[in-house]
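# Quick one, structure for this:
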Amino acid sequence: VTGDVAQVGAPSEFKEGLRFLRILQRELAIPIESCFVVPGNHDVSFPLAAAPYLSFDFRSPFSAALGAKDSNPRVVHSATADGLDCYGLAPFYDFSRSLGGRDEWTPQATADCPLKRPTWFTSETYVHLGVRIIGLNTVGLLGPEDPSSPKIPEDAVIALGNHLDRVRARPLGREAVNVVLLHHSPWAGIGKESLGADGEFLLSRLASRGDAIILFGHIHQQIASVRPFTAGHDLQAVHASASTLALAARARPEDTLRGFNLLQLNRSGGAVVGAEIAAYSFLNAQYTCLGIKKFQREPGRGWRTALP
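The predicted model follows:
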């Protein structure tokens, strides 16, 4: 799941999202250990992320501030609360643990937050089948001061790259395909908000660490294609985005197409040699397959679109 399970990061929204995903999980016979999720910008709870900007005293209760000119709490940056914005994703992480039955996020301290906030995870559960799962948090630094600019700290990307070097040195590790989950596109020009320079740095680090299928959300469109990791780089990755699972929104026509992608990896001789991405949308009260894109892997050379 590539993020935006919720609308405003509320626990009640995650509860409803978990209920729906459990139904989908049962219908597709997906074991709980195969469920992975990364956060989207709508999964951030801004009331929690806003904690450093609130100051409270005990002279009057919160209820007395309703409609009052001099409110309690007051909106003034509180140095004593620095770091509390790290809990803006606390409801999401509770949901993530419920969905997958584990907590694989790796804490990574950043200059913006001295507390260690989770920024990435990897899973070697299916490396014996030629697949490694990588999850990236591109919204961990979002808050009321900057609610829409995705970021991933450079030191987190470096730490991830070093970790991949270690696991790829193990038996079966080097040939595994990296299936990368993140909410925002790492490539510029896809959707209104991409990772920009952070995305370019991330792609440059991933390019030398195995063939990749990169799955993202945010743009609410179903796409599946191949794309070079970076300009001037011959190695290509599969990149795919699904439409939203949310209810149709009147304000944004793209939200009226609801659905998900079904990714199938084809193996031969113990290695992944191909991939198929089927786009499903909710039409006429049922999910309908709109089409299937096929890709062929050439180890060491990346991916290309398979011939019909």
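
# Strands of the stretch 51-200 of the chain, start to end?
With DSSP state E, counting those that start in this stretch as the criterion, the stretch 51-200 of the chain has strands at 54-55, 74-75, 106-109, 116-123, 131-136, 177-181.

# What average pLDDT does stretch 165-174 get?
Averaging pLDDT along stretch 165-174 gives 91.

# List the buried residues of the helix or strand harbouring residue 267.
Element membership of residue 267, judged by DSSP states H and E, is strand 259-268. Residues of strand 259-268 classed as buried: 259, 260, 261, 263, 265 (neighbour count, 16 or more other Cβ atoms under 10 Å). Just so you know, the C-beta spots here come from the backbone N, C-alpha and C atoms, and that holds for glycine as well.

# out of the strands of the stretch 51-200 of the chain, which comes closest to residue 288?
Closest approach to residue 288 among these (Cβ to Cβ): strand 177-181, 24.7 Å.

# which ones are touching residue 237?
203, 206, 211, 212, 213, 214, 226, 227, 228, 229, 302, 303 (Cβ atoms under 8 Å, 6 or more residues apart in numbering).

# what does the strand holding residue 267 rub up against?
Strand 259-268 is contacted by residues 24, 28, 129-131, 177, 179, 213, 215, 222, 224, 240, 242-243, 245, 272-282, 287, 290 when judged by Cβ under 8 Å, 6+ apart.

# follow-up on the earlier one: turn the buried residues of strand 259-268 into a markdown table, including pLDDT and distance to residue 193.
Listed next are those as a markdown table, based on pLDDT from 0 to 100; distance: Cβ to Cβ, whole Å:
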| residue | pLDDT | distance to residue 193 |
| --- | --- | --- |
| 259 | 80 | 21 |
| 260 | 86 | 21 |
| 261 | 90 | 20 |
| 263 | 92 | 24 |
| 265 | 94 | 29 |
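
# Mind putting these into CSV with distance to residue 84?
Shown next, in CSV, are the buried residues of strand 259-268 (distance: Cβ to Cβ, whole Å):
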residue, distance to residue 84
259, 37
260, 34
261, 36
263, 37
265, 41
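
# Return the member of these nearest to residue 51.
Closest approach to residue 51 among the buried residues of strand 259-268 (Cβ to Cβ): residue 260, at 33.9 Å.

# who does that closest one bridge with?
residue 280 (DSSP bridges).

# Check the spacing between it and residue 139 real quick.
Distance of residue 260 to residue 139, given as Cβ to Cβ, to the nearest Å: 20 Å.

# Not including adjacent chain positions, what is the nearest residue to residue 104?
Using Cβ to Cβ, 6 or more residues apart in numbering and skipping the chain neighbours, the partner closest in space to residue 104 is residue 121 (4.0 Å).

# Give the rounded mean pLDDT of stretch 37-46.
Across stretch 37-46, the average pLDDT comes to 91.

# C-alpha coordinates for it, PDB please?
Output in PDB follows, covering the C-alpha atoms of stretch 37-46 (Å, rounded to 0.1, in the frame of the first residue of the first chain):
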ATOM      1  CA  VAL A  37       2.500  -0.200   3.700                       C
ATOM      2  CA  VAL A  38       4.200   3.200   3.500                       C
ATOM      3  CA  PRO A  39       2.700   6.600   4.600                       C
ATOM      4  CA  GLY A  40       1.200   9.300   2.400                       C
ATOM      5  CA  ASN A  41       0.800  13.000   3.100                       C
ATOM      6  CA  HIS A  42      -2.900  12.400   4.200                       C
ATOM      7  CA  ASP A  43      -1.700   9.900   6.800                       C
ATOM      8  CA  VAL A  44       0.000  12.700   8.800                       C
ATOM      9  CA  SER A  45      -2.000  13.800  11.900                       C
ATOM     10  CA  PHE A  46      -1.500  17.500  11.800                       C
END
